[in-house]
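**Student:** Provide a 3D model corresponding to the input given below.
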Amino acid sequence: MLALNADTARRSRAYRAFKLDRAGRVFSAEVVSAEDDSQAKRQVRVMLERNTIELWERTRFLGRFEPEAGRA
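**Tutor:** Now for the predicted structure:
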């Protein structure tokens, strides 16, 4: 995870990770703090369990992440 101190707090950006149910509806959301898109995507991949997650930065869609077939 991202170590937060005054310097990283200034550099980090807030992303939103939306967990989707099987019907594709949002059932929960989490704020992901990251310094860039790549770091945010790595954090979302770690969060994957059984649900699909969409990653957004404000109105910018960064991707849809699916759990591995064996995990579902």
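
**Student:** nearest spatial neighbour of residue 26, skipping sequence neighbours?
**Tutor:** Sequence neighbours aside, residue 18 is the residue nearest to residue 26 in space, at 4.7 Å (criterion: Cβ to Cβ, 6 or more residues apart in numbering). (Each C-beta comes from the backbone N, C-alpha and C, glycine too.)

**Student:** equivalent analysis for residue 27, please.
**Tutor:** Nearest non-adjacent residue to residue 27 (Cβ to Cβ, 6+ apart): residue 21, at 4.9 Å.

**Student:** where do the helices sit along the chain?
**Tutor:** 6-11, 37-47 (DSSP state H).

**Student:** for those, which has the smallest mean pLDDT value?
**Tutor:** Mean pLDDT is lowest for helix 6-11 among the helices of the chain, at a mean of 59.

**Student:** next up, the contacts around residue 53.
**Tutor:** Residue 53 makes contacts with 17, 18, 19, 20, 44, 47, 64, 65, as judged by Cβ atoms under 8 Å, 6 or more residues apart in numbering.

**Student:** export those to a markdown table and tack on neighbour count and distance to residue 38?
**Tutor:** Listed next are the contacts of residue 53 as a markdown table, based on neighbours: other Cβ atoms under 10 Å; distance: Cβ to Cβ, whole Å:
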| residue | neighbour count | distance to residue 38 |
| --- | --- | --- |
| 17 | 20 | 15 |
| 18 | 17 | 19 |
| 19 | 18 | 21 |
| 20 | 16 | 22 |
| 44 | 21 | 11 |
| 47 | 14 | 15 |
| 64 | 13 | 16 |
| 65 | 16 | 13 |
